[in-house]
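Participant: Predicted model, plus sequence, below.
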Amino acid sequence: MKKIKLSILDQSQIRRNGTAKQALNDSGELVQLAEKLGYTRYWVSEHHNFKMLAGTAPEVLIPYLASKTTKIKVGSGGIMLPNHSAFKVAEIFGLLETLYPNRIDLGVGRAPGGDRMSSYLLNPSNAFSEKEYYQQLTDLQGFLRHEETPETVHEKVKSYPKPDVIPDLWILSSSGGSAQFAAHFGIRLSFAQFINPDGGAETAAFYRENFKPSTELKEPKVNVGIFAFCSENEQKVKDWITEFDYRLLHIESGASGELPSLEEIKAMKYNLNQKARIAYNKGRYIAGNPEKLKVSIEKIVADYETDEVMVATICDDFDDRKKSYELLAKLFLES
């Protein structure tokens, strides 16, 4: 089997009874741990109007994380492009790549990263249309490359500073639509199984079959994101699953506040619809002891025909969160 690479998606989780400052300090400590353990990349996300997550601005958090490390790739997972100007994103990431050469990833998505009202306030002209997203991707590549296409804005406007190489571009996808864009533009694909547990392998296959080489990428490249928790303590795994099943329901209901205690969650009774949703959501995460997680990750790698899995671990106990990443690294990253 090919050597498996692991990466981290950090949603800057605010712990129960914790603070945003603490969450950002956690991210700073985690990126250093990730580099020490041999993780490939460390991405941070964009969310809005969500009390439990501190990550509203990846473009601000990325240089903070890059400054604390020396070699691990850091980037956005992702910039929600419809909320932003493609020109401004190109400027920001050109500057980041200039500051931290060959270390910056620019992952972009088309989801709002929150509710529609928040997205409207971020970009009142946002129509969430495929046509607009296509144009934004066209413009983003054009500005990053310093293209001079006649009779377009790129003939007269350039994004500065211009780094020696452009940041690695990724398109985040939880559906076939975004994979189609990634294939058309010759951009790397990151499939979010932690959002959509269905159809990921088929989406990756479609992307490969339809991939058109670009200036920056000659062959298709895929990674896959999954929620995960690894522990040698069976009770901790059971408790994490109990809490995480509720956490996903909590988010899907539109709630953004703190969770009840674990004891309160254990006492809850779910209706049939909630039970069905819990069963469905189990495809969005993997949890268990190291032996079980090894099998699960190897299956993901085989299903997607990839060599990289991006792990997102949400856990109120910071020591357990770090330990989970350490156990996974011991499985795959130690030579």
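Facilitator: Nice, I can see it.
Participant: From here on, just use CA atoms for contacts and neighbour counts.
Facilitator: Will do.
Participant: Strands of the stretch 51-200 of the chain, residue ranges please.
Facilitator: With DSSP state E, counting those that start in this stretch as the criterion, the stretch 51-200 of the chain has strands at 73-80, 104-109, 168-173, 188-192.
Participant: Format those as CSV; extra columns: mean pLDDT.
Facilitator: Output for the strands of the stretch 51-200 of the chain, formatted as CSV (pLDDT from 0 to 100):
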stretch, mean pLDDT
strand 73-80, 96
strand 104-109, 97
strand 168-173, 97
strand 188-192, 98
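Participant: closest to Glu216 out of those strands?
Facilitator: strand 168-173 (8.2 Å; C-alpha to C-alpha).
Participant: Counting by contacts, list what the closest one packs against.
Facilitator: strand 104-109, helix 176-185, strand 188-192 (3 or more C-alpha pairs under 8 Å, 6 or more residues apart in numbering; DSSP states H and E).
Participant: now it against strand 104-109, angle please.
Facilitator: Angle, strand 168-173 to strand 104-109, by axes from the mean of the first three to the mean of the last three C-alpha atoms, to 10 degrees: 20 degrees.
Participant: quick one: strands adjacent to strand 168-173?
Facilitator: strand 104-109 (parallel), strand 188-192 (parallel) (DSSP bridges).
Participant: Just the CA atoms from the longest one would do, formatted as PDB, please.
Facilitator: Extracted C-alpha coordinates of strand 104-109, given in PDB (Å, rounded to 0.1, in the frame of the first residue of the first chain):
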ATOM      1  CA  ILE A 104       0.700  28.300   1.500                       C
ATOM      2  CA  ASP A 105      -2.400  26.500   0.400                       C
ATOM      3  CA  LEU A 106      -5.500  28.300  -0.900                       C
ATOM      4  CA  GLY A 107      -8.500  26.200  -0.500                       C
ATOM      5  CA  VAL A 108     -11.800  27.700  -1.700                       C
ATOM      6  CA  GLY A 109     -15.400  26.700  -1.400                       C
END
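Participant: mind listing what's buried in it?
Facilitator: The neighbour-count check on strand 104-109 (16 or more other C-alpha atoms under 10 Å) flags 104-109 as buried.
Participant: follow-up on the earlier one: okay, the strands paired with strand 168-173 in CSV with distance to Phe143 next?
Facilitator: Listed next are those as CSV, based on distance: least, C-alpha to C-alpha, whole Å:
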stretch, distance to Phe143
strand 104-109, 14
strand 188-192, 18
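Participant: For Asp115, find the nearest of these.
Facilitator: strand 104-109 (14.9 Å).
Participant: got the contact list for that closest one?
Facilitator: Residues lying outside strand 104-109 but in contact with it, judged by C-alpha atoms under 8 Å, 6 or more residues apart in numbering, are 73-81, 93, 96-97, 167-173.
Participant: let's see it at 7 Å
Facilitator: Residues outside strand 104-109 that contact it (C-alpha atoms under 7 Å, 6 or more residues apart in numbering) are 73-81, 96-97, 167-173.
Participant: Pick out the residue nearest the middle of this protein.
Facilitator: Centroid-nearest residue in the chain: Gly77, 3.5 Å away (criterion: C-alpha atoms, centre = their mean).
Participant: Beta-bridge partners for that residue, please?
Facilitator: Gly107.
Participant: Confirm for me that it is in contact with Ser45.
Facilitator: Yes: the criterion here is C-alpha atoms under 7 Å, and Gly77 meets it with Ser45 at 4.8 Å.
Participant: What ranges does the stretch 101-250 of the chain have for its helices?
Facilitator: 116-122, 130-145, 176-185, 200-210, 234-252 (DSSP state H, counting those that start in this stretch).
Participant: From the chain's centroid, how far away is the shortest one?
Facilitator: Read that as helix 116-122. Remark: helix 116-122 is offset 21 Å from the chain centroid, using C-alpha atoms, centre = their mean, to the nearest Å.
Participant: Thr152: which of the helices and strands packed on strand 168-173 is closest?
Facilitator: Across the helices and strands packed on strand 168-173, closest to Thr152 is helix 176-185 (C-alpha to C-alpha), at 18.0 Å.
Participant: Only alpha carbons, please: show that closest one as PDB.
Facilitator: Extracted in PDB, the C-alpha atoms of helix 176-185 (Å, rounded to 0.1, in the frame of the first residue of the first chain):
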ATOM      1  CA  GLY A 176     -20.200  16.600  -7.800                       C
ATOM      2  CA  GLY A 177     -20.800  20.200  -8.800                       C
ATOM      3  CA  SER A 178     -17.600  21.600  -7.200                       C
ATOM      4  CA  ALA A 179     -15.700  18.600  -8.400                       C
ATOM      5  CA  GLN A 180     -16.700  19.500 -12.000                       C
ATOM      6  CA  PHE A 181     -15.200  23.000 -11.500                       C
ATOM      7  CA  ALA A 182     -12.000  21.500 -10.000                       C
ATOM      8  CA  ALA A 183     -11.600  19.200 -13.100                       C
ATOM      9  CA  HIS A 184     -12.400  22.000 -15.500                       C
ATOM     10  CA  PHE A 185      -9.900  24.500 -14.000                       C
END
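Participant: From the contact counts, what lies against it?
Facilitator: With contacts taken as 3 or more C-alpha pairs under 7 Å, 6 or more residues apart in numbering; DSSP states H and E, helix 176-185 sits against strand 188-192, helix 200-210.
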